[in-house]
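> Need a 3D model of the following:
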Amino acid sequence: MIEKEKFNIRKRRNNSEIKRLKMSFENGEKSAIEKYSRIILANSEYPENFKPDNEINYSPYTKTLTLNLLFCGYENFPDIMKYKCVIENKSVIEVRFAPEEKYRRYEKAVLSSGLRSIHELFEALYGDFVDEIILNAFVPSNNKTVENMGSKFASGVSRCVYALSVKKENFENIEISDENCVNVLETLGMKRVKDKFTNETEI
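You can find the predicted model right below:
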């Protein structure tokens, strides 16, 4: 009975917090829209070992949500294609993707994850509060690793590899799949580095 009462107290507290967030969101409060957006992205499923850090800022005056995503570097992107068992010496060998194939998969993951984040936000952010989403996709620069979120997006620590601004009205009728994400992003006006995302000289 004691444990049950503790559970009920936690439940009432959680429900109360959710109601407050819902009310604040429906009043168009900046902090509530940013918090709800972070919840949406926290519950999103990304490729294994590829969940990006995010930074969100909402402007109620322009009804614009700015989303910064920081993806893992190319060096830390999984590249194991399969494992091979060698019976003769009872060992397991890792078979890795060729560098060109690894980069193709990395680029696709960075592009499709950004596009899907925009899609999920537009789908979940009901009401008339967000008319536009600006996405900036970052990768680490020179393999620097930092713990503080604010400095992760600082110049010299990370660099933007592509960006786009999308109006809700232009996004609603777009068909999205894994196969057409690059075409969709280009149609929406994506600006990206001219060379590979791994080229440190590209800005």
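
> Going toward the C-terminus from the lowest-mean-pLDDT helix or strand in the chain, what's the next helix or strand?
In the chain, no helix or strand scores lower on mean pLDDT, DSSP states H and E than helix 149-152, which sits at a mean of 60. Tracing the chain C-terminally past helix 149-152 and defining elements by DSSP states H and E, one meets strand 158-167 next.

> mean confidence for whichever helix or strand comes after that next one?
Per DSSP H and E, strand 158-167 leads on to helix 168-171 as the next helix or strand towards the C-terminus. On average, the pLDDT along helix 168-171 is 88.

> Would you mind writing the CA trace of helix 168-171 as CSV?
Output of helix 168-171 as CSV, limited to C-alpha atoms (Å, rounded to 0.1, in the frame of the first residue of the first chain):
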residue,chain,number,x,y,z
LYS,A,168,5.1,24.5,-43.4
GLU,A,169,2.9,25.1,-46.4
ASN,A,170,5.7,23.9,-48.7
PHE,A,171,6.4,20.8,-46.8
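
> just checking, what packs against that helix?
helix 99-124 (3 or more C-beta pairs under 8 Å, 6 or more residues apart in numbering; DSSP states H and E). All C-beta atoms are positioned from the backbone trio N, CA, C, and that covers glycine.

> repeat that for 6 Å
Helix 168-171 sits against no helix or strand, with contacts defined as 3 or more C-beta pairs under 6 Å, 6 or more residues apart in numbering; DSSP states H and E.

> hmm, who's touching it?
122, 131 (C-beta atoms under 6 Å, 6 or more residues apart in numbering).

> Just the buried positions in whichever helix or strand comes after it, please.
Later in the chain than helix 168-171, the nearest helix or strand by DSSP H and E is helix 181-187. Neighbour counts over helix 181-187 (16 or more other C-beta atoms under 10 Å) mark 181, 184-185 as buried.
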